[in-house]
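Trainee: pasted the sequence and its predicted model underneath.
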Amino acid sequence: AVALILNAHARLQLSIPVLFDYFAQDVPRRIKAHSLHSLCLVASAFARQRRADAVLFEKIGDYACGNAATLYPRAVATLLWSFSEVEIRHGVLFYNAPQHLAKSVAAYTTDELCMVGRAYGKFQMAHLPLFHALSAELPHRTLAVLGSAAAVGPGGSKEETEEERQQREDDEEAALQDFRQEPGAVAVGPNKAQPKISSLVGLLEAYARLTIFEEATNRLLCDALVRRTEELAPSLVVKAARACAALSFAHPGIVRLAVICMTENGEELEDEELELLGRALEDLGALGDDGGRLLLHHPKGVEAIAP
């Protein structure tokens, strides 16, 4: 009940400090009274509220490691994501999680794989066996539905706002969590479920932060993003372009979307985002001055635009 209450307040973005302050002290004291699932919800709720209570998260991490035999994919992914959101690194949890993923990778949904990758990327933890496992698994996953078109610009024709997109993704995640409440519960065909668009961008960013250049994986992620253009909010386009620039990977579709974003959606971006997008385009050679930039991959189809 405690976990559900906290999770509901976090999802509704209701800030009640007294409530979270109380349970930040109560949950560690009564840690054994909670199930692994409820503790995952508690960690997720505190992460959504950006409340980094070190004692609480340390206790949750210790509990998860002490009950490693009961860990299941959603629990591992949720815990790693939550710890990374509040920037608390639980050494034992992050050390052992890749082994769990390697043994049960087929049971992880694509969203969960992305959550794991994002967490390690955020902490700058270049766990190469983990990312090699992710790269090996992604080609077997459905990242974009066949037939998805990229004929429109970022944001699509539906004009979905950032708040609407976030609400839709939260609803999808809540539905998945409700389905997988118990240890061992696995969604039917996890490799068939199309991941959230933000998950793909987040995983691409993780590869970029860790400077892990795997051309096939970069292309796979970027191709999927381009095929799902109408789901891409301008802010996500900026993140994808910056990741490609950091990887020196000039994917023609991402470059095209970035150019469209700058020319048609520039006023929707914050000044900092607009500046970062400009730098990314310059680094990718799309502004006509790439002489000093070494691109590891610069496929045909990327043409410079006039400044």
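Mentor: Perfect, thanks for sending it. Residues are numbered from 1 along each chain as shown.
Trainee: contacts and neighbour counts: CA atoms only from here.
Mentor: Will do.
Trainee: hang on, Glu87 in a strand?
Mentor: No. Read with DSSP: H, G, I helix; E, B strand; the rest coil, Glu87 is coil and lies in no strand.
Trainee: name the element Lys97 belongs to?
Mentor: Lys isn't right for residue 97; it's Ala. Element membership for Ala97, per DSSP states H and E: helix 91-104.
Trainee: list the buried residues for that helix?
Mentor: Of all the residues in helix 91-104, those buried under the rule 16 or more other C-alpha atoms under 10 Å are Leu93, Phe94, Ala97, Pro98, Leu101.
Trainee: chain neighbours aside, what residue packs nearest to Ala206?
Mentor: Gly121 (4.2 Å; C-alpha to C-alpha, 6 or more residues apart in numbering).
Trainee: same thing with Asp53?
Mentor: Ala24 (6.9 Å).
Trainee: so after the helix or strand hosting the one you found, what's the next helix or strand?
Mentor: Using DSSP H and E, Ala24 sits in helix 17-29. Following helix 17-29 in sequence order, the next helix or strand is helix 36-48 (DSSP H and E).
Trainee: which parts of that following helix are buried?
Mentor: 36-48.
Trainee: go on, stretch 12-21?
Mentor: Buried, per 16+ other C-alpha under 10 Å, within stretch 12-21: Phe20.
Trainee: contacts for stretch 115-128, please.
Mentor: 76-78, 80-81, 83-85, 87, 89, 131, 134, 199, 202-203, 205-207, 209-210, 212 (C-alpha atoms under 8 Å, 6 or more residues apart in numbering).
Trainee: on that earlier part again, mean confidence for the helix holding Ala24?
Mentor: Taken as a whole, helix 17-29 has an average pLDDT of 88.
Trainee: quick check: next helix or strand after the lowest-mean-pLDDT helix or strand in the chain?
Mentor: Least confident helix or strand of the chain, by mean pLDDT, DSSP states H and E, is helix 162-179 with a mean of 50. Following helix 162-179 in sequence order, the next helix or strand is helix 197-209 (DSSP H and E).
Trainee: so which elements touch that next one?
Mentor: Counting contacts by 3 or more C-alpha pairs under 8 Å, 6 or more residues apart in numbering; DSSP states H and E, helix 197-209 is packed against helix 110-122, helix 215-227, helix 234-246.
Trainee: ok, and for the last one, which residues are buried?
Mentor: What it means is helix 234-246. Here helix 234-246 shows 234-246 as buried, counting by 16+ other C-alpha under 10 Å.
Trainee: return the member of these nearest to Arg219.
Mentor: Distance to Arg219 across the buried residues of helix 234-246 (C-alpha to C-alpha) is lowest for Cys244, with 10.0 Å.
Trainee: quick one: the closest one from Tyr108, how far?
Mentor: Distance, Cys244 to Tyr108, by C-alpha to C-alpha, to the nearest Å: 26 Å.
Trainee: ditto for Lys196
Mentor: 14 Å.
Trainee: within its local environment, how many residues does Asn265 see?
Mentor: Residues near Asn265, counting by other C-alpha atoms under 10 Å, number 18.
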